[in-house]
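Visitor: Fold the following.
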Amino acid sequence: MTKKLKSAKRVHQYSTAFQCPICNGPMEVVGWVSFVCSENHTFDFAKQGYINMLTHPVTSQYSKELFEARQRIITNSSLFTALHDTIAQVINQQTQTPTVPLMIADLGCGEGSHLQAILDNSIHSEIAGVGIDLSKEGIAMAAKSYDTSTWLVADLAKSPLAYRTFSVILNILSPANYREFKRIITPDGLVIKVVPGPNYLRELREIMTEKTEHRNHETVHLFKQHFDLCEVLRVQDTAVLQQESLYDLVRMTPLTWAANPAQIEQFCKQSTAAITIDLEILIGINPSSKNLKGGNI
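Guide: Just a heads-up that it's a prediction; the model follows:
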């Protein structure tokens, strides 16, 4: 079975989870090649299996090389393993009796490796992952690498996800659109947002001419305006990267875009380097829904 056909069959199975980004109408898979709404707005499945559901052209600073480097870092190193384990544990504990299937949307998913790692750690027998990103390069790579989820090129400001369909929303190191989050999340759903901590990739920040700091007070305040903030978890870890991975590290993050090239080159010439991960996980739930189950993570 081709990736295109496999994706079309999966989208057909969960077609009620989507809506037309142009008219908000219901959608159906037609001929196993297109996703068509009741007003005949048509979006074709790419051969890699993803669907481009953008309604307007966009430009992105995120290149194919960036996504390739990010995928290698996420999949070939342990840098983000603790993050994936923690998020999966939160989802497993807080969705013990979910609707079937458990619908998870990763909004701003990039090349899909974070979502895939979290799904791989799920205890649920029936689970459906959907990844959305503005970058066609990122989504094409996600569809090529991971063919058990649905991958969409789409705009979060006009997402093709249906009202109150997703039990879990992930937003990992990516801008948020809380109006859309609240529209698509189920009444008892979880919103999990990951933001950088003060020591996130500090080894890279130390070589930059202009130091940048992450201050999450405003982010947390805005999050609390839209959802009940149930818990904030801190993930701190260190991984030793080999020289080849150091080159990937500097390619995968916008942090280095304004850095001095000579300093970057010197950093990458190290045979190994210990790299710090420092992330905060905001766990929220809709104010009108039931409280989270107890238990420490």
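
Visitor: what about this protein, any weak spots by pLDDT?
Guide: Where the chain drops to pLDDT under 70, the residues are 96-99, 209-215, 288-297.

Visitor: Grab the most central residue of it for me.
Guide: Nearest to the mean C-alpha position of the chain, counting by Cα atoms, centre = their mean, stands Cys109 at 2.9 Å.

Visitor: So what does it have for phi and psi?
Guide: Phi and psi for Cys109, reported as degrees, to the nearest 10, are phi -80, psi -10.

Visitor: Kindly report the same for the one 5 residues further on.
Guide: In terms of degrees, to the nearest 10, the main-chain angles of His114 are phi -60, psi -50.

Visitor: hmm, back to that, need the contact list for the residue nearest to the centre of the chain.
Guide: Leu115, Gly131, Ile132, Asp133, Gly138, Ile139, Ala142, Trp151, Leu170, Ile172, Ser174 (Cβ atoms under 8 Å, 6 or more residues apart in numbering). Backbone N, C-alpha and C define where each C-beta goes, glycine included.

Visitor: Apply 10 Å and report the result again.
Guide: Taking Cβ atoms under 10 Å, 6 or more residues apart in numbering, we find Cys109 in contact with 115-116, 129-133, 135, 138-139, 142, 149, 151-152, 170-172, 174.

Visitor: Among these, the buried ones, what's the PyMOL command?
Guide: To isolate the buried members of those in PyMOL, using 16 or more other Cβ atoms under 10 Å:
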select buried, resi 115+116+129+130+131+132+133+135+138+139+142+149+151+152+170+171+172+174
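
Visitor: Show me the contacts of Cys109 that map onto helices.
Guide: In this view, the contacts of Cys109 that belong to helices under DSSP state H are Leu115, Gln116, Gly138, Ile139, Ala142.

Visitor: Nearest to Cys230, out of the residues you listed: which one, please.
Guide: Taking Cβ to Cβ as the measure, Cys230 lies nearest Leu115 of the ones in helices among the contacts of Cys109, at 21.6 Å.

Visitor: which residue sits closest to that closest one, ignoring its sequence neighbours?
Guide: Spatially, and ignoring its direct neighbours in sequence, Leu115 is nearest to Asp106 (4.0 Å; Cβ to Cβ, 6 or more residues apart in numbering).

Visitor: go on, Ser38?
Guide: In space, Ser38 is closest to Gly25, 4.2 Å off (Cβ to Cβ, 6+ apart).

Visitor: where does the one you found fall, helix, sheet strand or coil?
Guide: Secondary structure for Gly25, judged by DSSP: H, G, I helix; E, B strand; the rest coil, is coil.

Visitor: give me every residue that touches it.
Guide: Counting by Cβ under 10 Å, 6+ apart, Gly25 makes contact with Gln19, Val36, Cys37, Ser38, Glu39, Asn40, His41.

Visitor: ok so, going back, what secondary structure does the residue nearest to Leu115 sit in?
Guide: Three-state call for Asp106 (three-state DSSP): strand.

Visitor: This structure: strands as residue ranges?
Guide: For the chain, applying DSSP state E gives strands covering 27-30, 34-37, 42-44, 51-52, 102-107, 127-133, 150-153, 166-172, 185-196, 228-242, 272-285.

Visitor: Nearest to Thr81, out of those strands?
Guide: strand 228-242 (7.5 Å).

Visitor: So for that closest one, what gets flagged as buried?
Guide: Asp228, Leu229, Leu233, Val235, Ala239, Leu241.

Visitor: Given that strand, what are its sheet partners and their directions?
Guide: Strand pairing for strand 228-242, using DSSP bridges, gives strand 272-285 (antiparallel).

Visitor: Export only the CA atoms of the partner strand, formatted as CSV.
Guide: The C-alpha trace of strand 272-285 is given here as CSV (Å, rounded to 0.1, in the frame of the first residue of the first chain):
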residue,chain,number,x,y,z
THR,A,272,32.2,16.2,22.1
ALA,A,273,30.2,18.6,24.2
ALA,A,274,27.7,18.3,27.0
ILE,A,275,24.4,20.1,26.0
THR,A,276,21.8,21.2,28.4
ILE,A,277,18.0,20.7,28.0
ASP,A,278,15.9,22.9,30.3
LEU,A,279,12.2,23.0,29.5
GLU,A,280,9.0,23.8,31.3
ILE,A,281,5.8,21.9,30.5
LEU,A,282,2.6,23.8,31.1
ILE,A,283,-0.3,21.4,31.7
GLY,A,284,-3.8,23.0,31.3
ILE,A,285,-7.4,22.0,31.0
